[in-house]
Structure formats: structure tokens, C-alpha cells
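Trainee: quick check, what structure comes out for this input:
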Amino acid sequence: MHPRYSGSGIWRSPSRFRGWLLLGLLGLLYGPLLLHWAEGWLNKTISIEHEYYSHGLLGLPLAAWLGWQRRGDWETLPEQRMGWAHGLGLGLLLLGLRLYLHPVADAVNLSLPLVLMGLCLWLKGAAGLRLMAFPLLLVALATPTAFPYLLTPYILPLQQLIAIAAGFLLLQMGIDVRVDQVYVYVNNQVVEIAPYCAGLKLLFTGLYAGLILLYAAEGWRFTRQSLRESRFKAALFLLGIVGLTAIANILRNTMLAYLHGTEQKLAFDWLHEGWGGDLYSALTLGGLLWVWRGVEWLGDRWQPAPVDQTPLAEGPRSEPLLPRR
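Mentor: Below you'll find the predicted structure:
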């Protein structure tokens, strides 16, 4: 026998060899797609809808790292040979491969989470899907789709609210300002609060980063002992993210309206389309740590009263009615 095949390693384990083969095949199929996403997010050359998913620069490497960390647990799971999970996994694989060959870009994008989910079910069943649930969730939420475009017809009230809030703040600064629907007039210079300026991108990024922070703090894993407390903290944290991103977006639009109205073009372009906007978003995301600390502070003081689980047999004993002899 050739010495290469006599030692330990992937050649002695068919399942491990198949795993490396699948990883190589996934790299060949989706490596160029992932590079296209990363290049578009970094250089802002991707479509405006797909730019909403730039949080994938953080989430996709994290998902790959988490999946790699769980490879030992993955290998210990029994292989799925038959059953509904095996059949469903095969169906998702076929659907994902069909979408991969589709001429529409969003269909090709959606094929990635479908193929990964299908592989988990096909190889390891429901147990494999549960093991890789969080990495798969990170991949799915970072997959670019047309979802932001579908939301634009329904966010007109949010645009109007931002315009009113920005006009109010500028008015407190003694600036000549007028608000008409989604238009803010500063010194007769008009700024439109467009649908893509309503803060949805910052909200998506904030919720995505908050989900990772909840995972790191294990706040999303609701244990029996702290089920009510964990739910309370998670819900309060997500509401805090919505509030933080909304306030940050109002302040940013207020600054943009001021800079445009005072004809400070370089500063306007820096904050609107330059790296100043990225810096502002990063500082806003840094505020999530303070939101989480505030949630923990409130959770410690508003913690639900623990339920008395003392068994009846261990309760206080009553004295016998008859005296002992």
C-alpha cells in the first residue's frame, strides 16, 4: 500500500474526505460571488439595495469561523440516511442549484443559504441544522436581496417624521428652515429625505450587530431558569437598537440639511457619500454597547420575581395530632 494512504488523516475517514470535497466545491461555486459582494460593499460599487447588506463584511467571516469551531461536534453527529430531513435537504439542494443557474442576480444570491441549509439537513438531519443554526442565520441575513426596494413604498411616514424632526432641530438653532412633506428647505436650499435616506440601512446593520452581541452575551439562549428575564432583556435591547438608530439617523439628516443649506459642499459630500458616513455609522454601532449596559442595568432592577419551586414534600411539617409514645 502506498504510504500516503496508510497513515491517519482524511484518507482514513471517508466522511472527512467528503467534507473537504464539499468545502472545495462550495468555494469554487460561491467564492467569486462572495468576492463580488465584498468588493461591492467596500468600494460601494454594488447596487443600492444590495449595499444595505454590507454588514455581511462582519457576519459572513464570523459565520465561517463559528462553523469551523463546531466541526468537532459536526463529526460526532450520525449521518442522515433516510427520513423527512434527508428528503427536505435534498429538495433544498436541488432548489438552490436551480437558483444558482438562474439569470437573475437575486436568485443566485438566495441559492447560497438554501444550499448550505440543504447540506446540513441532507448530511446530518435536523440535529445538523440545529448545530449550525446561528451561522446559517448570519449568512441568510447577510445575503443581498431586493427586500429594501420592496419596503420603499411603505416608509413615507418615516420620511415625513425625519423631515419634521430635522426641521425642528434646525429651527432651535435659529436657522431659516421650512418643511414640506419630505423636503427640508434651509436658506431656500432644498434637501429631500429620500426613501434610501430613511435610516433602514443603519437599522438593518444595528439589528444584525445586536444579534451578534446577544449571541456573544448568550442573551438569546433562553434557559428555563431565566426564560422571562432573557426575553425581557432581548426585547428591550432590540427596542433600544431601533431607538438609537432612529435618533442617529435624524441627527445625520439634520447635519446634512444644514451643510447643504449653508453650501458646505465638501463637508456634505464627506458625510453623505464619503467615508464620513461610514465613520458615523461605526460610532452609532459602538453605542450598542452602551445600550446593552443600560439593558443589563434595567434587567437587574426589574428582574421578575423567581417562582418558588420548593417541592411540597420539603415544606414545613406540622406537628402530629396525637402524642408519641
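Trainee: how about low-confidence regions in the stretch 51-200 of the chain?
Mentor: 80, 82-83 (pLDDT under 70).
Trainee: which stretches in it count as strands?
Mentor: Under the criterion DSSP state E, counting those that start in this stretch, the stretch 51-200 of the chain contains strands at 177-180, 183-186, 189-192.
Trainee: and the contacts of the second one?
Mentor: Spelled out, it's strand 183-186. By CB atoms under 8 Å, 6 or more residues apart in numbering, the residues outside strand 183-186 that reach it are 163, 166-167, 170, 175-179, 190-193, 253, 257-258, 260-262. The way it works is simple: take the backbone N, C-alpha and C, and place the C-beta from them, glycine included.
Trainee: quick check: the residue most central in space within the chain vs residue 245, distance?
Mentor: With the centre of the chain defined as its mean C-alpha position, the nearest residue by CA atoms, centre = their mean is residue 208, 2.5 Å away. Per CB to CB, to the nearest Å, residue 208 is found 11 Å from residue 245.
Trainee: just the buried positions in stretch 232-239, please.
Mentor: The neighbour-count check on stretch 232-239 (16 or more other CB atoms under 10 Å) flags 232-234, 236-238 as buried.
Trainee: what about those, which are in helices?
Mentor: 232-234, 236-238 (DSSP state H).
Trainee: closest to residue 106 among those?
Mentor: Among these, residue 238 lies closest to residue 106 (CB to CB), at 26.7 Å.
Trainee: just the element for the nearest residue to that closest one once chain neighbours are set aside, please.
Mentor: Of all residues not flanking residue 238 in the chain, residue 210 sits nearest, at 6.4 Å (CB to CB, 6 or more residues apart in numbering). In the assignment (DSSP states H and E), residue 210 maps to helix 200-216.
Trainee: name the residues that touch that helix?
Mentor: Under CB under 8 Å, 6+ apart, the answer for helix 200-216 is 51-55, 58-59, 62, 134, 137-138, 141-142, 148, 151, 155, 220, 234, 237-238, 241-242, 244-246, 248-249, 281, 284-285, 288-289, 292.
Trainee: give me the below-cutoff pLDDT ranges for the stretch 201-325 of the chain.
Mentor: Using pLDDT under 70, the stretch 201-325 of the chain drops low at 218-229, 302-325.
Trainee: from the buried residues of stretch 232-239, pick the one nearest residue 121.
Mentor: residue 234 (27.1 Å).
Trainee: how close does that closest one sit to residue 294?
Mentor: Applying CB to CB to residue 234 and residue 294 gives a distance of 14 Å.
Trainee: residue 60 now?
Mentor: Where residue 294 is concerned, residue 60 sits at a distance of 29 Å (CB to CB).
Trainee: surely residue 16 is in a strand?
Mentor: No - counting by DSSP: H, G, I helix; E, B strand; the rest coil, residue 16 falls outside a strand, being helix.
Trainee: buried sites along stretch 176-189?
Mentor: Buried-residue list, stretch 176-189, by 16+ other CB under 10 Å: 177, 179, 182, 184-186.
Trainee: enumerate every residue touching residue 118.
Mentor: 88-96.
Trainee: 6 Å instead, please
Mentor: For residue 118, the contact set (CB atoms under 6 Å, 6 or more residues apart in numbering) comprises 89, 92-93, 96.
Trainee: next, count neighbours for residue 165.
Mentor: 19 (other CB atoms under 10 Å).
Trainee: burial count for the closest residue in space to it that isn't next to it in sequence?
Mentor: Of all residues not flanking residue 165 in the chain, residue 250 sits nearest, at 4.7 Å (CB to CB, 6+ apart). Applying other CB under 10 Å, we find 20 residues neighbouring residue 250.
Trainee: and residue 250, how close does it get to residue 273?
Mentor: Residue 250 is 19 Å from residue 273, by CB to CB.
Trainee: re the thing from before, now the residue nearest to residue 165: which helix or strand?
Mentor: Here residue 250 is assigned to helix 227-261, by DSSP H and E.
Trainee: quick one, that helix and helix 200-216 angle?
Mentor: Interaxial angle of helix 227-261 relative to helix 200-216 (axes from the mean of the first three to the mean of the last three CA atoms, to 10 degrees): 150 degrees.
Trainee: what residues are up against the closest residue in space to residue 253 that isn't next to it in sequence?
Mentor: Take residue 253 and drop its neighbours on the chain: the residue closest to it by CB to CB, 6+ apart is residue 166, 5.0 Å away. Going by CB under 6 Å, 6+ apart, residue 166 touches 184, 253-254, 257.
Trainee: fine, thanks again, bye for now.
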